[in-house]
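Trainee: Based on what follows, work out the 3D shape:
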Amino acid sequence: MPLDDLPDWLPAWCVEQLGGEPVSVQFELRSISAVFGLRLAGGRDVVVKVREDDGRAGSCVAAQARLAERGFPCALPLTPAVGVGALAVHAEESRPGGELLRGDSPDVAVRYAAVFARLMAELADVAVAPPLPNPRWARWDHTDSGVWPAIEFLDERDQDAVPAYVVDTADRARKRILAADLPCVLGHADFEAQNLRWHDREVWAVHDWDSLAWQPEAALAGAACGAFASASPPTLAPVESSAAFLAAYQDFRGRRFTAEEQEIAWAASLWPAAHNARWEALHGSTPVSCDAVRAQAAERLHRAKA
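Mentor: Sure, this is the predicted structure:
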């Protein structure tokens, strides 16, 4: 990406916040947020993240900073979240390298569960304002009408394209989660393989801290147990691997979930997959999550008593 294609305000922002202007663009990624890997004058590499300012970024960046300062494997923020018009922007250190850990076996699930348990234990000691609203794929607690949270660019599409079993799965999972009265905690709500990097058997980096959420621990662990194997496109791990993840997570945390928490975990394991299935259907994409939800919903809903 040429420097001239950067947002007009970004070079001056880098000078003001980081003390140097960009001299080259190492990479650019665009999804919900825009991510720019920049080399500054003087040779320092940084990453600048830009997203719509919905009130969440300040808490997410602050929590990430606390974990990085304690030695957790994530990039250290170099600035707080700074408002730029309607945007929230922050910079963090560049943490390149590491390999994607692929696979969805029970053994792989246990490795991911160990990282998630460590992450949740570290976040338990972090005091920030809840990063609300929750990310849309973990926003089963929304107060909008209908099953899904209001998301204009999805809602304006033909909803008849979404299979009835996807809507039914999301509805039953959501109702089961909301029927519980569990305290909310801070946790990572996009714990997917694509957001982690490894050196051999050691985790090197956990990315995507914009996806912190404020939900019950069991629900966050449940979402992670379903999503941990997702690269691109996202899918749903096998039931036996999700079970291995949940068992290992509780072992690593040193606390057994109650029967209700077990049910909430299984219900929450379905919501992100149902969200992804809806996305696929509305965009005419290959039905990866759709097929996984079709194959697994009955068993997961049974375990959730939903």
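Trainee: Report the buried residues of stretch 224-238.
Mentor: If you call a residue buried by 16 or more other C-beta atoms under 10 Å, then stretch 224-238 has these buried ones: Ala224, Cys225, Gly226, Ala227, Phe228, Ala229, Ser230, Pro234, Thr235, Leu236, Ala237, Pro238. In short, each C-beta sits where N, CA and C put it, glycine included.
Trainee: would JSON lines of those residues with secondary structure be doable?
Mentor: Output for the buried residues of stretch 224-238, formatted as JSON lines (DSSP: H, G, I helix; E, B strand; the rest coil):
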{"residue": "Ala224", "secondary structure": "helix"}
{"residue": "Cys225", "secondary structure": "helix"}
{"residue": "Gly226", "secondary structure": "helix"}
{"residue": "Ala227", "secondary structure": "helix"}
{"residue": "Phe228", "secondary structure": "coil"}
{"residue": "Ala229", "secondary structure": "coil"}
{"residue": "Ser230", "secondary structure": "coil"}
{"residue": "Pro234", "secondary structure": "coil"}
{"residue": "Thr235", "secondary structure": "coil"}
{"residue": "Leu236", "secondary structure": "coil"}
{"residue": "Ala237", "secondary structure": "coil"}
{"residue": "Pro238", "secondary structure": "coil"}
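Trainee: and which of the residues you listed is nearest Ala34?
Mentor: Pro234 (20.2 Å; C-beta to C-beta).
Trainee: In contact with that closest one: list those residues for me.
Mentor: Pro234 sits next to Glu192, Ala227, Pro272, Ala273, Asn276, Val288, Ser289 when contact means C-beta atoms under 8 Å, 6 or more residues apart in numbering.
Trainee: Could you pull out the helices in the stretch 51-200 of the chain for me?
Mentor: Applying DSSP state H, counting those that start in this stretch to the stretch 51-200 of the chain gives helices spanning 57-69, 106-123, 152-155, 164-179.
Trainee: Would you format those helices as TSV with mean pLDDT, mean neighbour count and distance to Ala267 included?
Mentor: Putting those into TSV (pLDDT from 0 to 100; neighbours: other C-beta atoms under 10 Å; distance: least, C-beta to C-beta, whole Å) gives the following:
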stretch	mean pLDDT	mean neighbour count	distance to Ala267
helix 57-69	98	21	25
helix 106-123	98	20	18
helix 152-155	95	11	22
helix 164-179	98	19	4
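Trainee: Of these, which is nearest Val46?
Mentor: helix 57-69 (14.0 Å).
Trainee: Mind listing residues that contact the closest one?
Mentor: 51, 74-77, 80-81, 88, 90, 92, 119, 122-123, 125-126, 128-131, 186, 209-212.
Trainee: let's go with 6 Å and repeat that
Mentor: Helix 57-69 has contacts (C-beta atoms under 6 Å, 6 or more residues apart in numbering) with 74, 76-77, 80-81, 88, 90, 122, 126, 128-129, 131, 209-210, 212.
Trainee: helix/strand/coil for the most far-flung residue of the chain relative to its centre?
Mentor: Farthest-out residue of the chain from its mean C-alpha position, per C-alpha atoms, centre = their mean: Gly42, at 33.4 Å. Assigned by three-state DSSP, the conformation of Gly42 is coil.
Trainee: My reading is that Gln215 lies in a strand. Confirm?
Mentor: Yes - assessed with three-state DSSP, Gln215 lies in a strand.
Trainee: Which phi and psi values does Ala180 adopt?
Mentor: phi -90, psi 160 (degrees, to the nearest 10).
Trainee: Pull the contacting residues for it.
Mentor: So Ala180 contacts Glu260, Ile264 (C-beta under 6 Å, 6+ apart).
Trainee: State the distance from it to Glu261.
Mentor: Distance of Ala180 to Glu261, computed by C-beta to C-beta, to the nearest Å: 8 Å.
Trainee: For stretch 285-292, which outside residues touch it?
Mentor: By C-beta under 6 Å, 6+ apart, stretch 285-292 touches Pro233, Thr235, Leu236, Ala273, Asn276, Ala277, Glu280.
Trainee: okay, which residue is most central for this protein?
Mentor: Centre-nearest of the chain using C-alpha atoms, centre = their mean is Asp190, 1.7 Å out.
Trainee: Show the contacting residues for that one.
Mentor: Taking C-beta under 6 Å, 6+ apart, one finds Asp208, Ser211 in contact with Asp190.
Trainee: what about 7 Å?
Mentor: Taking C-beta atoms under 7 Å, 6 or more residues apart in numbering, we find Asp190 in contact with Pro135, Asp208, Ser211.
Trainee: How about Asp45?
Mentor: So Asp45 contacts Gln26, Gly37, Arg39, Ser94 (C-beta under 7 Å, 6+ apart).
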